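Enquirer: Sequence and computational prediction follow.
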Amino acid sequence: MATPLGTLDRTPPPFFRQGPSALTKLTLCSALAIFLMVADTRFKLTHPLRTMVATVLHPVERVLRVPVDAWNAVGDYAMGLQNALTSEAAARAALAQQAERAARVEQLLYENNRLRALLGLRSALTVRSQPAEVLYEASDPFSRKVVIDRGTTQGVALASPVINDAGVLGQVTRVYPLSSEVTLLTDKDAAIPVLNTRNQLRSAAFGTAGAAMELRFMAGNADVQVGDQLHTSGVDGVYPPGLPVAKVLSVDRKVDTGFARVQLAPAALPDGVRHVLVLEPLSLQMPPRPEPTADEVKPAAKARKGAKK
């Protein structure tokens, strides 16, 4: 049966259909994306949409994070509990050591007072002190000196020892009405008599050009070992006895010279120190030295004349 011509489909088959090319579509989409990004950056077109989506999804995010937060909290609690237990054990051990040391100190002080009373010796000197604050370091780059905010107005005397909680820092070498200059033990011109707490050997510690100290004029066979603690001897009339000064860092025994080079690490590091304690020199509390008699002056004068000849 013949089909009427008006009812025939005149559209081309799919194979012959023509449309925009792929490159054209890519160009249009890229241009649209760039336009939307610029418009969003310039006019904040999608900001309300982002805000609404973030507000809607926020409770969902919180619910999903609950297991993760709970796991992290359990881990932090366990680690914090372990650290707390470790710190408590260390603190208890340190407290027990301090209590034992305090008990021994009290016993030694009691025995010392009894022995002094038994031998008729004078009581130990009371060291007066006052706190001070470090203002600044001295401007001389070749010396180790600091300036504190205490002077003659506050009763600071020349040669007063300066300490902190770690040990001896230095000595007052210049005094002004409202300030004082302290020469540190690490200064190249500083020196301090010390006592080895292990064998009671007396010596003198000197500052060096760096931030260390050294024992000079030590014999090569001197009984000095690495780790020895050096304290003030108290026989110089300036420093009270028993103050930490330094620790032996190295011992280099030179065979060719017969001396030993002993390097020290200061007990009190001066860098970063802000507050110090100024002690009164022991010489201010000791009785004055007796004047030499005529019998002592004549031999000394004769010795000087003989030396001149």
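Expert: Arrived safely, thanks for sending.
Enquirer: Please make it C-alpha for all contacts and neighbour counts, starting now.
Expert: Noted.
Enquirer: which residues in this structure form strands?
Expert: 129-137, 145-148, 161-163, 168-175, 180-184, 191-196, 202-207, 213-219, 229-232, 244-253, 259-266, 275-279 (DSSP state E).
Enquirer: Can you name every helix or strand that the first one contacts?
Expert: It stands for strand 129-137. Using 3 or more C-alpha pairs under 8 Å, 6 or more residues apart in numbering; DSSP states H and E as the contact criterion, the elements in contact with strand 129-137 are strand 145-148, strand 275-279.
Enquirer: List of residues touching it?
Expert: Outside strand 129-137, the residues that touch it by C-alpha atoms under 8 Å, 6 or more residues apart in numbering are 144-150, 273-280.
Enquirer: Show the buried residues in the residues you listed.
Expert: Among the contacts of strand 129-137, those classed as buried by 16 or more other C-alpha atoms under 10 Å are 144-150, 276-280.
Enquirer: Can you tell me which of those is nearest residue 209?
Expert: residue 144 (9.1 Å; C-alpha to C-alpha).
Enquirer: need the contact list for that closest one.
Expert: When contacts are counted by C-alpha under 8 Å, 6+ apart, residue 144 is found next to 137-138, 183-184, 186-188.
Enquirer: Lowest-confidence member of these, which is it?
Expert: Note: of these, the lowest pLDDT belongs to residue 138, at 78.
Enquirer: that older thread, of the contacts of strand 129-137, closest to residue 116?
Expert: Nearest to residue 116 among these: residue 280, at 23.1 Å, using C-alpha to C-alpha.
Enquirer: Looking at that closest one now. What's its pLDDT?
Expert: Looking at residue 280, its pLDDT stands at 87.
Enquirer: Quick check: phi and psi on it?
Expert: phi -80, psi 130 (degrees, to the nearest 10).
Enquirer: Go ahead and confirm it touches residue 128.
Expert: Yes: here residue 280 lies in contact with residue 128, judged by C-alpha atoms under 8 Å, at a distance of 5.5 Å.
Enquirer: what does the domain assignment say about this protein?
Expert: The chain breaks down into these domains under automatic domain parsing: 29-120, 129-284.
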